[in-house]
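Trainee: Build me a model:
(2 chains)
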Amino acid sequence: GAVVSQHPSWVICKSGTSVKIECRSLDFQATTMFWYRQFPKQSLMLMATSNEGSKATYEQGVEKDKFLINHASLTLSTLTVTSAHPEDSSFYICSARRLAGAHYNEQFFGPGTRLTVL
Amino acid sequence: SQQGEEDPQALSIQEGENATMNCSYKTSINNLQWYRQNSGRGLVHLILIRSNEREKHSGRLRVTLDTSKKSSSLLITASRAADTASYFCATYYGGATNKLIFGTGTLLAVQP
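Mentor: Modelled structure (predicted):
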């Protein structure tokens, strides 16, 4: 159990286009989902925290108008990279926190989405 | 920055040797976790150690935690080529928001 999926697993797009990445918790409900970004040979950096039914909370330095997050249900959060540019090329990873029953703050990670902007 | 520091940044060893990675963090914690990431892939959760624990084992993994020094170490014994990956420690930060923040990571290369 506790599987998180992401779609697509990789995407290549032209500069200026928008890209949507989906994150789904497949077998549990997630009150909170997190979006991370990872540049090559670097660690994961938290971009934003997404709570179902409310606005996302963005980390310092992350543009909320560029990285649109929608947490429409307890099993789905989407990240839209608007007007993507080559510097947005990165590995985007989502994580979902289980709704109830966890003994601690149990988070499960998706497999990541590789975004390449040409 | 909230991010913890790990050292070494990179480690190269021979198969069969032990690998030790260290993590230092900045805030008080309830627990600390270690993850592995193969190149270009997702994260694999390895082990969680609670703040009231000093040592924990899981197979070939041994984790220690020293809350007085705000540090943890991950020891992989009898390493294998398949252990080649990046290893990250992670702690929760932010009180009620409980954001999981990752350390800078150690890139481990195990030579066959």
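
Trainee: Mind listing residues that contact stretch B:90-107?
Mentor: Residues outside stretch B:90-107 that contact it (C-beta atoms under 8 Å, 6 or more residues apart in numbering or on different chains) are A:34, A:36, A:41-46, A:49, A:57, A:95, A:105, A:107, B:2-11, B:21, B:23, B:25-27, B:29-35, B:37, B:86-89. C-betas here are computed from N, CA, C, even on glycine.

Trainee: what's the helix or strand for A:Ser83?
Mentor: Secondary structure assignment for A:Ser83, by DSSP states H and E: no helix or strand.

Trainee: Disregarding residues adjacent in the polypeptide, which is nearest to it?
Mentor: Using C-beta to C-beta, 6 or more residues apart in numbering or on different chains and skipping residues adjacent in sequence, the residue nearest A:Ser83 is A:Gly16, 5.7 Å away.

Trainee: So that neighbour sits against A:Thr82, correct?
Mentor: No. Under the criterion of C-beta atoms under 8 Å, A:Gly16 is not in contact with A:Thr82, lying 9.7 Å apart.

Trainee: Give me the more crowded residue out of those two.
Mentor: In terms of neighbours (other C-beta atoms under 10 Å in any protein chain shown), A:Thr82 is the more surrounded of A:Gly16 and A:Thr82; the figures are 15 against 10.

Trainee: residues from chain B in reach of chain A?
Mentor: B:3, B:30-31, B:40-43, B:45, B:48, B:50, B:88, B:92, B:97-105, B:107 (C-beta under 8 Å from any C-beta of the partner chain).

Trainee: Give me the buried subset of the residues you listed.
Mentor: Under a neighbour-count criterion of 16 or more other C-beta atoms under 10 Å in any protein chain shown, the subset of the residues of chain B next to chain A counted as buried comprises B:3, B:31, B:42-43, B:48, B:88, B:92, B:98-105, B:107.
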